[in-house]
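Student: Sharing a sequence plus its predicted fold:
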Amino acid sequence: MGWVRAAALADLPAEGAVLGVEAAGRRVALARVDGQVYAFADNCSHRDFPLSVGEVDAASCTVTCEWHGAAFDLRTGEPTCPPAIRPIPVYAVRVDAGEVWVDLS
Ligand code: FES
């Protein structure tokens, strides 16, 4: 599928919050930590709850699922806190002329 425009950089919320978008028919979550934009699947690998309503911890660079508290590393998608045991997909991000692009391939 390759690179897909996901959002305008200006639409990203402040640090600590997550924006859920649909990019090429896929649910993608975007978060900003220390000025860096991260993109990841908007589905918790535990029970498929949207991670876009989760909370980002900048210190650990993780997102925590609101339903049962599983956490995932935004850089790798690996779970860092149960009950999730499977990673979530993470996507490469490029910011170009104020637009956020994600690589869904
Ligand atoms: S659905 Fe996310 S922790 Fe259960």
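Tutor: Looks like it came in fine. Numbering: from 1, shown residues only.
Student: give me phi/psi at Arg5?
Tutor: Backbone torsions for Arg5, taken as degrees, to the nearest 10, come to phi -70, psi 130.
Student: can you tell me how far Thr64 sits from the ligand?
Tutor: Here Thr64 is placed at a distance of 8 Å from the ligand (Cβ to the nearest ligand atom, to the nearest Å). Using the backbone N, CA and C atoms, a C-beta is placed for each residue, glycine as well.
Student: mind listing what that residue touches?
Tutor: Applying Cβ atoms under 8 Å, 6 or more residues apart in numbering, we find Thr64 in contact with Gly54, Glu55, Val56, Asp57, Ala70, Ala71, Cys81.
Student: and which of those residues is nearest to the ligand?
Tutor: Taking Cβ to the nearest ligand atom as the measure, the ligand lies nearest Ala70 of the contacts of Thr64, at 3.5 Å.
Student: Show the backbone phi and psi for the residue nearest to the closest one when sequence neighbours are not counted.
Tutor: In space, and not counting its chain neighbours, Ala70 is closest to Ala84: 3.5 Å by Cβ to Cβ, 6 or more residues apart in numbering. With angles defined as degrees, to the nearest 10, Ala84 sits at phi -70, psi 140.
Student: Quick check: Ala84 touching His46?
Tutor: Yes - the criterion here is Cβ atoms under 8 Å, and Ala84 meets it with His46 at 4.2 Å.
Student: who touches both of those two?
Tutor: Residues touching both Ala84 and His46 by Cβ under 8 Å, 6+ apart: Cys65, Ala70.
Student: near the ligand, anything from the helix or strand containing Ala31?
Tutor: Using DSSP states H and E, Ala31 maps to strand 26-33. No - between strand 26-33 and the ligand, judged by Cβ under 6 Å from any ligand atom, nothing touches; the nearest distance is 12.5 Å.
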